[in-house]
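*Asks:* Dropping a prediction and its sequence here:
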Amino acid sequence: MTRQRRVVFDTLLRSTDHPTASDVFMEVKEALPGISLATVYNCLDTLTHGGMVKQVCMDREPSRYCANLRDHAHFHCSRCGKVLDVPFSAGKALSSSLDLPEGVRLDRLEVSLRGLCPACTVAAGSGTDFSRPPQAPNLLSEAHQS
């Protein structure tokens, strides 16, 4: 492990907010002023392929990185962008609740959840019922009102 990889890895170990490569770069730059963003990307790529960190992809947003290697889901707040780890219930294999086609070998299971984090729920004054899907806005009727 090179010094640069060690500093990048240590940064991820201390982080619970699933930083992007740019976030990691900004923090690592304090310890290693001469490091480039390309080097941080290379370190993250090596650490990911080496199984030391997970790359978390959320739709079309920049990849984030997570040093938590235990099985867990990721909750993404659609208001503030915060990403939280959500552990699976102990003793339950999530894959056992999936109806996979016969002969499929599952190598990795990724679960992403979206909604409002506790702080954004309070800020929004939301009494949202998350057991029902949100209603899509009626764009046609809104257009006629203007």
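*Replies:* Looks like it came in fine. Worth saying up front: this structure is predicted, and the values here are computed from it rather than measured.

*Asks:* what's the neighbour count on the residue nearest to L106 when sequence neighbours are not counted?
*Replies:* Nearest residue to L106, sequence neighbours excluded (CB to CB, 6 or more residues apart in numbering): S95, at 5.6 Å. The C-beta positions use only the backbone N, C-alpha and C, and glycine is treated the same way. Counted by other CB atoms under 10 Å, the residues lying close to S95 total 10.

*Asks:* now swap in the one 4 residues further on and tell me
*Replies:* For D99, the tally of surrounding residues (other CB under 10 Å) stands at 4.

*Asks:* Just to be sure, it is in a helix?
*Replies:* No - secondary structure of D99 (DSSP: H, G, I helix; E, B strand; the rest coil): coil, not part of a helix.

*Asks:* That one and C77, how far apart?
*Replies:* Here D99 is placed at a distance of 30 Å from C77 (CB to CB, to the nearest Å).

*Asks:* repeat for V86
*Replies:* The value you get for V86 to C77, if CB to CB is used, is 12 Å.

*Asks:* Among those two, which residue is more densely surrounded?
*Replies:* C77 (18 against 11).

*Asks:* beta partners for that one?
*Replies:* G115 (DSSP bridges).
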